[in-house]
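1. Just a sequence and a predicted model for now, questions to come.
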Amino acid sequence: MREAQEETGVAIAPRDLELSLVMHRNGDREYLDFFFWVKEWHNEPRNREPHKCDDLSWFPIGEIPENTIPYVREAINSILNGIHYLEFGWGGDPHSH
């Protein structure tokens, strides 16, 4: 909720969040990412961090742009396939449980 507010100006109530995926990710360091479905939000999303993000746009879920960050692309695909836990960036193909 805090990150959504900081990065996009969107306000989200806790009751409008549903945990969809947990990702254990290896990048420049080790991460544990949580991905949520948001049922409702307030305010129109806008790019509040242009120094970190080139663009903020809506796309149909099946038409995610090729330049989407790889771990985000994998998270979206996993969520759409009913996967709730994923390991990413540890070598080889992503491993899900």
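-> Received, thanks.
2. What are the buried residues along the longest helix along the chain?
-> For the chain, the longest helix by residue count, based on DSSP state H, is helix 70-80. Going by neighbour count (16 or more other C-beta atoms under 10 Å), the buried part of helix 70-80 is 71, 74, 75, 76, 78, 79. Any C-beta I mention is one placed from the backbone N, CA and C, and that applies to glycine too.
3. So what pairs up with residue 33 in the strands?
-> For residue 33, the beta-bridge partners are residue 23 (DSSP bridges).
4. Rebuild the buried residues of helix 70-80 as CSV, extending it with distance to residue 88.
-> What follows is the buried residues of helix 70-80, written out as CSV (distance: C-beta to C-beta, whole Å):
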residue, distance to residue 88
71, 5
74, 6
75, 8
76, 12
78, 9
79, 13
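5. where do the helices sit along this structure?
-> Using DSSP H, helices in the chain cover 2-8, 70-80.
6. Any regions of this structure where pLDDT drops low?
-> The model of the chain has pLDDT under 70 over residues 92-97.
7. re the thing from before, which stretch among the helices of the chain approaches residue 90 most closely?
-> Closest approach to residue 90 among the helices of the chain (C-beta to C-beta): helix 70-80, 11.6 Å.
8. What is that closest one packed up against?
-> When contacts are defined as 3 or more C-beta pairs under 8 Å, 6 or more residues apart in numbering; DSSP states H and E, helix 70-80 packs onto strand 17-26, strand 30-38, strand 85-88.
9. And the contacts of it?
-> With contact meaning C-beta atoms under 8 Å, 6 or more residues apart in numbering, helix 70-80 is reached by 20-21, 23, 25, 27, 33, 35, 37, 61, 64, 68, 86, 88-89, 94, 96.
10. Filter those residues down to the buried ones and hand me the ChimeraX line.
-> One line in ChimeraX is enough to select the buried members of the contacts of helix 70-80, burial here meaning 16+ other C-beta under 10 Å:
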select :20,21,23,25,35,86,88,89,94
